[in-house]
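> give me coordinates for this.
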Amino acid sequence: MSVLDIALNIGAGAVALAMVLCGWRLLRGPELTDRILAIDTLYLNAVALVVMLGMRWSTPLLFEAALIVAMLGFASTVALARYVTRGDVVE
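Reported below is the predicted structural model:
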């Protein structure tokens, strides 16, 4: 077992714990803004997990998938924030 394998195991565990905590904040958040931030952090954790899986399996396909998830997550966070502040997404 190499040092990279150990680091990926520790990193995957840390990201999984962060995803569980974000899921808890998403379900129990007292305010809507807490829930929006939890969704934003949850997709960032998903991107990190996909990148780590791509490193473990040595496939470039997962890096492209992580890029797509990051772009969709950013666009959805912006759209949701606009909806909460203005009441509509498109002007």
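> so which strand or helix has the residue positioned nearest the centre of the chain?
Closest to where the C-alpha atoms of the chain average out (CA atoms, centre = their mean) is Tyr43, at 2.0 Å. Using DSSP states H and E, Tyr43 sits in helix 32-57.
> quick check: next helix or strand after that helix?
Taking DSSP H and E, what comes next after helix 32-57 is helix 61-86.
> state the pLDDT value of Arg82.
Per-residue pLDDT puts Arg82 at 88.
> roughly how far does it sit from Ala38?
Distance from Arg82 to Ala38, counting by CB to CB, to the nearest Å: 18 Å. Yep, even glycine has a C-beta here, placed from its N, CA and C like the rest.
> more crowded one of these two?
Counted by other CB atoms under 10 Å, Arg82 and Ala38 do not tie: Ala38 has more neighbours, with 18 against 14.
> Glu31 is in contact with that one, correct?
No. Contact between Ala38 and Glu31 fails when scored by CB atoms under 8 Å: they sit 10.7 Å apart.
> where does the protein dip in pLDDT?
Residue ranges of the chain with pLDDT under 70: none are present.
> in contact with the residue nearest to the centre of the chain, which residues?
69-70, 72-73, 76-77 (CB atoms under 8 Å, 6 or more residues apart in numbering).
> now swap in Tyr83 and tell me
Val89.
> now with 10 Å?
Residues counted as contacts of Tyr83 (CB atoms under 10 Å, 6 or more residues apart in numbering) are 36, 89-90.
> fine, thanks again, bye for now.
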